Structures are given as structure tokens and as C-alpha cells.
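Chemist: my questions concern the predicted model and sequence given below.
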4 protein chains.
Amino acid sequence: MAERADAARNRRAILRAAEELLTAHGPDRVSLEQVAAAAGVAKGTVFHRFTNKAGLIGALIMERLGAFQQGYTEGPPPLGPGAPARERLDAFFTALVDLVSRNVALMAAHERTSGHRQDNPIYTAWHEHVSGLLREARPDLDAEALGHILLGALHSDLIVHMLRTGEANRLVSALQTVTAALLDQPRGANEGRAAL
Amino acid sequence: MAERADAARNRRAILRAAEELLTAHGPDRVSLEQVAAAAGVAKGTVFHRFTNKAGLIGALIMERLGAFQQGYTEGPPPLGPGAPARERLDAFFTALVDLVSRNVALMAAHERTSGHRQDNPIYTAWHEHVSGLLREARPDLDAEALGHILLGALHSDLIVHMLRTGEANRLVSALQTVTAALLDQPRGANEGRAAL
Amino acid sequence: MAERADAARNRRAILRAAEELLTAHGPDRVSLEQVAAAAGVAKGTVFHRFTNKAGLIGALIMERLGAFQQGYTEGPPPLGPGAPARERLDAFFTALVDLVSRNVALMAAHERTSGHRQDNPIYTAWHEHVSGLLREARPDLDAEALGHILLGALHSDLIVHMLRTGEANRLVSALQTVTAALLDQPRGANEGRAAL
Amino acid sequence: MAERADAARNRRAILRAAEELLTAHGPDRVSLEQVAAAAGVAKGTVFHRFTNKAGLIGALIMERLGAFQQGYTEGPPPLGPGAPARERLDAFFTALVDLVSRNVALMAAHERTSGHRQDNPIYTAWHEHVSGLLREARPDLDAEALGHILLGALHSDLIVHMLRTGEANRLVSALQTVTAALLDQPRGANEGRAAL
DNA sequence: GGTTAAGCGAGACGGTACGTCACGTCTTCCT
DNA sequence: AGGAAGACGTGACGTACCGTCTCGCTTAACC
């Protein structure tokens, strides 16, 4: 059955109210009752729709980041397919740091309320993308583990820390430094040490 | 006045009880009332001693990680001073991943209950150590940002993820791959791209 | 238009399910959703048919007590017309206590969910019957008020209490004692005190 | 430990607020949250103190009816000891109808939210009083059952019904008619019929 | 026997109150 | 006098139920 008209209206109202309150005060200072009140809706409705606070924040995140998914899978190069791996990685991190920066509050809320990052479908997609590109350029490296390390730089804590001094671009540069170093590294240079 | 005997006894009892319960069930599933009960103490005592849940977990962490501090600042090489930067970094990450792995539950609890990582004295010390060594070996790189990225790999989420498949050593290897790549990278190789 | 076949089938199924659940667990422990499920029907159907919980229980009561109505208005003596008032009253209370005893759970449910007893058509009919007979035998008494008092003995609480010890017949006896005392009382014996 | 000062203050505030709201709107139209708000207290406090709505109303009833207990057990005749049973019964019902009339709303609330009347300590005390006096005057009757019947007249529904027309005194008169009839009835008059 | 519109069934939905839980505080008692 | 004890106040959470609403289906009456 299609979503009822009033349901859709309330869904939007709740998301908008949640977005505003969460970005303004942070997830722990906002109760779902406040969200409900701000949306002009009863508390039960919020739970009915989004199960709990994590669900609500998750839906918000999806709304924000869902569109980005397309950009790096189907969009034009250098973000999308068609460019060499290194350039796609650089573009990906640039775009991602930017995206996360613009949604820090929500991301932080999400990290606090959700479980393991690695169980999150969005993170999983990002990781597959990054490790795929790494593997493409350097099949001899442990792309999976390296992917996790690189994406670790996108924890909201760190982003906030860098944003405080207005130096988010340093983070991008550093990430690009790392990828460059990895892709340029002579093959087998690290062989003997992996056994440690 | 020195700490009274009963106070010290209770302090220890609370820490032991908290440790056991937290590692068993995670921070959100354990109330301080349970901790108090398990320690054979009243709730007020727990708060009197540790202020709140974050304080209690912080004390536990300190107890566990405090000793390690000495190892990398004053201990014997390659962890302590005396070895080349790269070896010290390798040793540091090896030891740290091991340490965190053995205390994953507590670390996760700490991450959930504390504020920004970057405001935490332990993290700060780690970061100063890592970025110091990086700077020593490669003064031309942004050691500070790179330090944060490398330490990002020690988020409990990721450790847990790697431990699930018993592959924590892959994480160590990957970290060493990254440091090796960074330290071996031709100077200035990344210059032009940082401006992106 | 006559009631549709499926509608009739569902109506019966709902009544049967409601009856069973209500007598088993009491009205507050049974949701209409449970009733619907037990009847193999959607919740909306229950509301469509019976408006609300009070309506459903009311319908059940009607089903049970409706037949009795005939007994005391048109049936054979001593319950029906033809016998002296005292005997009819005795027969009425005997029959009524028995009837209520056999439907205690439903009666209790009904009392809880309906409004004032005195607004209920069934109760009204009972009261008119009883006060009519009283007035017939003793026009000098306040038959209306006495009728309410006598019928007060049929509150489910009291019936349950008496049934617990298997002494419902004591209640019948006591009621008959009261009616006998009232009808035998010398006229005007109470006159002076009513002014109190 | 004695009740803390703030606890006592809150207890009183809650009772006052509950009293006012309940008598004004009835129990089903008043939420404990409203009571809490009106009392200037958090919802949790109300539950902490009174467990649930039934508990709160029960406490209110106790407060109102507790004092009356003394009147008929230790007070001056004709209510208290010293007068003949019949006069004490008359006085008791007169006083009780008056008391209930003045607290109809609360009594109705109590009946709706509590369980069986017969399990209620106040009702039990009333019943023991009434049946004791009946037994004293007429040991040959079933004082226990008759006591329940007489007290049945004090159901709030009936009181409300009588109050509607300003005829609560008719109820008192009728009750006195019944007791007079019972006490005056020739001994053994009802013998043969009890076997029915 | 096919058509159709009114009644009916289904269950998602909005709303309200409830009771629970854990936190952190406060007073009081004990050592 | 400092520490321990636990009653207390607080507010968010998630649950349960009610009654409503919309939409799709069925069925019985009519062509």
C-alpha cells in the first residue's frame, strides 16, 4: 500500500524538526518528545515511524548521504568511474570530508546512537568503494584494512577538531598524502615486516 | 589526611565490580546501581568517588593504560627512545593495538561516555608521541594531521571488527605499511596536490 | 439489506473470541486487538461492528441476559405474573443471582466499561420490575429507593466474593430475608424516623 | 528514617493537586502527568510516591475517610459505642451517606481503579462494624451477608443517581427502613424459605 | 450470468497515558 | 568530621491501547 498522505506529511515534519533541533543542541540534549512537539505530532507517532532515536537519526543521515552514493558510483569523473584510481580516491576524500563537515552534528549524533560503524550500510558502501580503488591500483596491498584506516579519518570527533581551527583542508591533504604514498610505494617494500 | 582504609577498600571493590560488569555487558547495559550492588556498596558511594559513569570508566582506563605511558617515553628501545623513528612507530602501533585489543570493552565504553577524543589527555599524549616521531623523520609532512589519521585506526569499533575474524595483526601490518610508505615517500612528491 | 454472510460470520467469531478472552482474563487485560486476532479478524472490523470495548461487552451481555427478560415479564409463575408479589420477588432474586453468578466475569467487565448503572436499560428494567412488585405489596414504602438497595446486592464484586466460598445461596437467602422483613413490617412502623 | 522535608512537601502538593483535578474531571480524564504538573513536580515523583493511579486515589480516600473510622469506633453515641445497635446503625448510615455524598467523585474514581471492594481495608472495617451491630441485635440472622447488602447501597453510582435529584435523604430513609424491618422481624419468620 | 455500488475487511496511522529506568542529589546516620 | 547509605526528584524512553482513516475486496442485488 502507498504511504498515506498524512503519514508522508508527518514524516517530513518530524525529519525537519529533528534536523533542526539535533544540529542546534546535539542528540543527548534533544528528547524525542521535543522533536514530536516541534513537528506538531504526538510522541507515539515518532516512535511508530522511526522506532527510536537511533532510527530517527539514521533516517536523517540516509536522507543527507543517500544522494552522495550516486556521485561516486555513477557520476562523472574524477569522482565517478572513468578516472584513474588515485584521482578518484582524492576526489572521493575531498568530497566526503566536505560532506561530513557540512553535517558534523548529525554525523556525531549518528555515531553516538548507532552501533558499530562497520555494520552500517553507508559505511560499508564507502569502504567497498575505497578498498576497491586501492585494490585496483595496488593489488599487492591489504586494501581492506587500509580502507578502514583511511575512513577512520572521517570520525566526527576528528572532523570537529579540524574544523575548530578552520583547517579541514589539512585533513584532505593529509589523506591524499597517505594515498599517494601508498600508491607510489615500491611493490614489496613492506614485505618482511608484515610478519611482525 | 590519607585515604581512610574503608574508603580505599570500597574504591577497589567498585573498580573491580565495574570492570567485570562493563566488560561483560557494555556500558549502556550496566547501571551504576548495579555496579554499587555488585561492589557491596551504596549508590551514593559510587558517585561520591567517581562523580559519574564517565568518571568511573575513566578511572578504569587510567588504571589500565597508565603503565603503558612509561613504556614508550622512558622504556627500552625499540618502543622507548634510542631507536630510529620508524622502528619506534612500528613498535608503538604494535604495542598499542595489542593493548587496546586486550581492553576493547573498556575502550568502547570510554569512547561512548567521554567527549571528544582530542580532549582526552591519554589520546593527546599518544598523538604527541606519534606526530613527534613523524616530524622527526619527515619534517616536511603535516605530522599533526597524519598522526590523527593513524591513531584513528585505534577506534574500538575497528578493533572489534578486526578481532571478530581474529585478524588484529592485519591492522598492525596495515599501519606499518602506511608509516613505511609515508617515511619512504620522495620528499615533495605530494606538493602540488595539497592545494586541491 | 440483510446482514451479509461474511459480516454475520465475523460478528459471531468476534463475540465468541471476546467471550472466551474476557472470562479468562478480565476486561482490562484484554485488548480489542487480541480479540480481533483470536477471532481471525482485523482490528478495524471489531470497531466497525461494536464501536468500542464497552459496546462489545454490552453486546455480549445482551446476548446472555436478553432471554431472561422474558422469563419474569411473560413466563410462568412464580417468576412470571400470576403469583403474589413476595413469591415473585423471591423467585426473581433467586434466578438473578444464579444468572449473574454464571456470568460474573462478563458482568464485572460490563460494570467497569459502562457508565452509571442506572443509565443501563437492563438495570432499569430490573429495577422497574422489583420496585413495581414492592409497590404492589407495600404502597406505603419508598419502593424506588428500596429497589436500588436490593439490586445493589448484584454487583459483581459481591457475587464474586460470595462465590469464592461457594456461598452464593447465602446471598439469595439474605435478600429473601430482607424482602420478607419489608413486606411483613407493620405499616407505618418506620414513619417517625424517615424525617431524620 | 523519618520522611524528608521535601518529600513531605511534595506528597502534600501531589495529593492536593490530585484531589482538585480528580473531583473536577474524573479519574479517566486526568493523567498523572497533569497531576504532576499541577503539583509542580516531575511525573516520576508521583509514581515513586504512589506507584500508580490506583495508589494515588487510594491515598486520597484514606486521607478523607480515615478520620471517620474513629467516629464510629470511639466517638460519642449514637455513632460511637453506648447506644443500642439500631440507633448506631441508623447513625452510621446517615453519617456514611453524608460522607460519601461529599466525596462522590473520589469514591467513584476509587471504585474504578481499585480491585474488589471486599479486599479494601476501609470497606472491610465498615462491613465488620455493620455486621457486628446486626449480629448483636439479631444473632439469628446472617449478619455478614446482610451487611454486604446494606453497604451495597453506598456504591457511588447509586449515590450519584440519588444526588442528581437532591434526594440522598431518601436513601438514608430507605436504609433505615430496611434495618428497622430486619430488627423488628419476628424471629424465625424466614426460616423455611432459606432452604430455597 | 455478468455488472456494480455499497457494505465490509484490513491494518497502517495518529494520539495519549502509562510505568520503568537510570541518573545524580540530598539528608541523615554511622564510624 | 568524613564517609556510607539509600530515599528522593527528575525526565527520557519505549510500550500499549484506543479509535480513525483510507483503500482494496467481496458480495448480493439488479440487469
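Modeler: Sure thing, it's come through.
Chemist: quick one, helices of chain A?
Modeler: Taking DSSP state H to define them, one finds helices in chain A at A:5-25, A:32-39, A:43-50, A:53-74, A:85-102, A:104-113, A:121-137, A:143-151, A:156-164, A:168-184.
Chemist: and the last one, anywhere near chain B?
Modeler: Yes: Helix A:168-184 comes into contact with chain B (CB under 8 Å from any CB of the partner chain), by way of A:170-178, A:180-182, A:184. Placement of C-beta: from N, CA and C, glycine included.
Chemist: can you tell me which of those residues are buried?
Modeler: The neighbour-count test (16 or more other CB atoms under 10 Å in any protein chain shown) marks A:Arg170, A:Leu171, A:Val172, A:Ser173, A:Ala174, A:Leu175, A:Gln176, A:Thr177, A:Val178, A:Ala180, A:Ala181, A:Leu182 as buried among the residues of helix A:168-184 next to chain B.
Chemist: ok so, going back, mind putting the helices of chain A into TSV with mean pLDDT?
Modeler: Formatted as TSV, those follow (pLDDT from 0 to 100):
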stretch	mean pLDDT
helix A:5-25	91
helix A:32-39	94
helix A:43-50	93
helix A:53-74	90
helix A:85-102	94
helix A:104-113	90
helix A:121-137	94
helix A:143-151	96
helix A:156-164	92
helix A:168-184	93
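Chemist: which one of the ones you listed lies closest to D:Ser31?
Modeler: D:Ser31 lies closest to helix A:43-50 among those, at 13.2 Å (CB to CB).
Chemist: which positions in that closest one come out as buried?
Modeler: Residues of helix A:43-50 classed as buried: A:Thr45, A:Val46, A:Arg49, A:Phe50 (neighbour count, 16+ other CB under 10 Å).
Chemist: coming back round to it: distance to DNA strand E added to the residues of helix A:168-184 next to chain B, as CSV?
Modeler: Below are the residues of helix A:168-184 next to chain B laid out as CSV (distance: CB to the nearest atom of the strand, whole Å):
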residue, distance to DNA strand E
A:Arg170, 35
A:Leu171, 32
A:Val172, 37
A:Ser173, 39
A:Ala174, 35
A:Leu175, 36
A:Gln176, 41
A:Thr177, 41
A:Val178, 38
A:Ala180, 45
A:Ala181, 43
A:Leu182, 43
A:Asp184, 49
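Chemist: for those, which one is nearest chain C?
Modeler: A:Leu171 (52.9 Å; CB to the nearest CB).
Chemist: spatially nearest residue to the closest one (excluding sequence neighbours)?
Modeler: Nearest residue to A:Leu171, sequence neighbours excluded (CB to CB, 6 or more residues apart in numbering or on different chains): A:Met162, at 4.9 Å.
Chemist: likewise A:Arg11?
Modeler: A:Arg49 (6.1 Å).
Chemist: and that neighbour, how far from A:Gly55?
Modeler: Per CB to CB, to the nearest Å, A:Arg49 is found 8 Å from A:Gly55.
Chemist: related to what we said a few turns ago, closest to DNA strand E out of the buried residues of helix A:43-50?
Modeler: Distances from DNA strand E to the buried residues of helix A:43-50, taken as CB to the nearest atom of the strand, are shortest for A:Thr45 (4.3 Å).
Chemist: still on that earlier bit, contacting residues for the residue nearest to A:Leu171?
Modeler: Residues in contact with A:Met162 (CB atoms under 8 Å, 6 or more residues apart in numbering or on different chains) are A:Ala168, A:Arg170, A:Leu171, B:Ala145, B:His148.
Chemist: these: which ones sit near DNA strand F?
Modeler: Taking CB under 7 Å from any atom of the strand as the test, DNA strand F is in contact with none of these.
Chemist: any chance of those in a markdown table, plus distance to C:Gln69?
Modeler: As requested, the contacts of A:Met162 are exported to a markdown table (distance: CB to CB, whole Å):
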| residue | distance to C:Gln69 |
| --- | --- |
| A:Ala168 | 83 |
| A:Arg170 | 89 |
| A:Leu171 | 84 |
| B:Ala145 | 89 |
| B:His148 | 85 |
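Chemist: quick one: which two of those residues are the most distant?
Modeler: Among the contacts of A:Met162, A:Ala168 and B:His148 lie farthest apart (CB to CB), at 12.2 Å.
Chemist: just want to know which of these two has more residues nearby.
Modeler: B:His148 (26 against 20; other CB atoms under 10 Å in any protein chain shown).
Chemist: give me the contacts around stretch A:38-47.
Modeler: Residues outside stretch A:38-47 that contact it (CB under 8 Å, 6+ apart): A:10, A:13-14, A:16-18, A:20-21, A:32-33, A:35-36, A:56.
Chemist: start to end distance for it?
Modeler: Stretch A:38-47 has an end-to-end distance of 15 Å (CA to CA, to the nearest Å).
Chemist: is DNA strand E within reach of it?
Modeler: Yes: for stretch A:38-47, a contact with DNA strand E is found by CB under 7 Å from any atom of the strand, at A:Val41, A:Ala42, A:Lys43, A:Gly44, A:Thr45.
Chemist: out of those residues, who's nearest C:Val104?
Modeler: The closest of the residues of stretch A:38-47 next to DNA strand E, once distances to C:Val104 are taken by CB to CB, is A:Gly44, at 35.0 Å.
Chemist: look at whatever residue of chain A ends up closest to chain B and report its pLDDT.
Modeler: Using CB to the nearest CB, the single residue of chain A nearest to chain B is A:Gly152, 3.2 Å away. At A:Gly152, the model reports a pLDDT of 95.
Chemist: unless I'm mixing things up, it is touching B:His155, no?
Modeler: Yes: counting by CB atoms under 8 Å, A:Gly152 does reach B:His155; the two are 6.1 Å apart.
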